[in-house]
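K.L.:
sequence? don't have it. structure:
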DNA sequence: CTAAGGACTTAATCTAGTTCAAGATAATTC
DNA sequence: GAATTATCTTGAACTAGATTAAGTCCTTAG
């Protein structure tokens, strides 16, 4: 695994110097996560912020009844992890698990702090990253309250056309905020059209 | 209206120099918004990022049937506005309107760009602002899918105890993702307990 | 090859929350 | 201060989606 992808992702928003890029690369830890394995577990304090180099992971919340609620699927080029746990160093409420064999870069909490202190240029990158993510999250809140589950599923498929091929439907149902049974109904209805 | 509140809000996360503070204050525009008036309208391109100095505003989305969906209530100390419209300079999808007579500070888009270029120190402030907001939004998505409307209302009242006194219930219902009629039922049920 | 578990579907029943329609209360306006 | 308009409540009928339970189809392991 090389740093091409993650550095390219950064260069979309800022132009780091050679020195900055080199330092940034030096704090990264590579990790291979096999299908079904955890990149991070709820209850444990998150030590890393995660960049997905290849593969696919999901971040989810497990409620008191043991039911999982998917917050995000992260494919190549996405960042993920439990942001609150990472920044405040409190036990994580979310878990992140690989849906396919995946390769990720880890940014350790301490490395991140030192990076931002030494090269504040990266503040801009993360400002833009979080800002864009915030816009996406606002849209999702609106969507959940304005359109039906069927419509949400149709839009999901349009937005992530390949995901359905390797993500179990029950997790897609969870992401959409419905039960697998109801997703099944929707799929039958749509295919019969 | 003076800049004490907004500067204090910034000092919670960064320590700007006297020069930086002064420059920051110089780009701010004060605005008084009377109850019912708009700070910004959907369809128009947002020119300002908004800091609430006093009063209360709500940011909402109006769907194709003309129904409003409240995204956020913003009281003193909060930032608001249509972030996507502001950063990409595209027509806003959200509107922001005053629920009580309010005083806000406006940061013009151009002033913000120049501020961040001239004093990148502020990147850190907005990075933290967006990062925290992101955590809040993630929690809201989870909450919408895991607990009942009644539970959401109870938590809302606990989190914003004063809001109910001056925000019409129909907007609180919208924020909670339910109809005013159903909120009415919930309230009767709770008060009867 | 067979057993066992996970993923997906189907169908019946149920419920949280919506819709519609009518009244009751308050707030504004003239 | 009566009239108008908006907000809130109530109740009956309805529906999107949940729950429960059974059955099918795959994998994977022994």
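P.N.:
Sure thing, it's come through. Being a predicted model, the structure only gives us computed values, none of them experimental.
K.L.:
got any ranges where chain A has weak pLDDT?
P.N.:
Within chain A, the stretches with pLDDT under 70 are A:193.
K.L.:
near DNA strand D, which residues of it?
P.N.:
Residues of chain A lying near DNA strand D by CB under 7 Å from any atom of the strand: A:148-150, A:177-179, A:181-182. All C-beta spots, glycine's among them, are computed from the backbone N, C-alpha and C.
K.L.:
What is the nearest of those to residue B:52?
P.N.:
Nearest to residue B:52 among the residues of chain A next to DNA strand D: residue A:177, at 30.6 Å, using CB to CB.
K.L.:
Roughly how far does that closest one sit from DNA strand C?
P.N.:
Look at residue A:177 and DNA strand C: by CB to the nearest atom of the strand, to the nearest Å, they are 11 Å apart.
K.L.:
can you pull the contacts of the residue nearest to that residue when sequence neighbours are not counted?
P.N.:
Leaving aside its sequence neighbours, residue A:177 sits nearest to residue B:145 (CB to CB, 6 or more residues apart in numbering or on different chains; 4.6 Å). When contacts are counted by CB atoms under 8 Å, 6 or more residues apart in numbering or on different chains, residue B:145 touches A:69, A:144, A:177.
K.L.:
count of neighbours near residue A:12?
P.N.:
Residues lying near residue A:12 (other CB atoms under 10 Å in any protein chain shown) number 10.
K.L.:
just the helices in chain A please.
P.N.:
Secondary structure of chain A, counting by DSSP state H: helices at A:4-11, A:18-27, A:83-88, A:109-118, A:121-146, A:149-159, A:169-176, A:180-191.
K.L.:
and the ones you listed as TSV, adding distance to residue B:127?
P.N.:
Conversion of the helices of chain A to TSV gives the following (distance: least, CB to CB, whole Å):
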stretch	distance to residue B:127
helix A:4-11	14
helix A:18-27	16
helix A:83-88	11
helix A:109-118	8
helix A:121-146	4
helix A:149-159	26
helix A:169-176	27
helix A:180-191	37
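K.L.:
so which of those helices gets nearest residue B:93?
P.N.:
Nearest to residue B:93 among the helices of chain A is helix A:121-146 (8.2 Å), distances taken as CB to CB.
K.L.:
List the buried residues in the closest one.
P.N.:
A:121-135, A:137-138, A:140-146 (16 or more other CB atoms under 10 Å in any protein chain shown).
K.L.:
try stretch A:55-63
P.N.:
A:55-61.
K.L.:
Give me the subset of these lying in strands.
P.N.:
If you go by DSSP state E, the buried residues of stretch A:55-63 have A:56-61 in strands.
K.L.:
got the residues of chain A near chain B?
P.N.:
Proximity of chain A to chain B, by CB under 8 Å from any CB of the partner chain, involves residues A:61, A:63, A:69, A:71, A:83-84, A:87, A:116, A:120-121, A:123-124, A:126-127, A:130-131, A:133-135, A:137-138, A:140-142, A:144-146, A:177.
K.L.:
since we're on residue A:88, how many residues are nearby?
P.N.:
Counted with other CB under 10 Å, the neighbours of residue A:88 add up to 13.
K.L.:
Skip the chain neighbours and tell me the closest residue to residue A:49.
P.N.:
Residue A:49 sits nearest to residue A:107 (CB to CB, 6+ apart), 4.5 Å away.
K.L.:
so how far is residue A:185 from the one you found?
P.N.:
42 Å (CB to CB, to the nearest Å).
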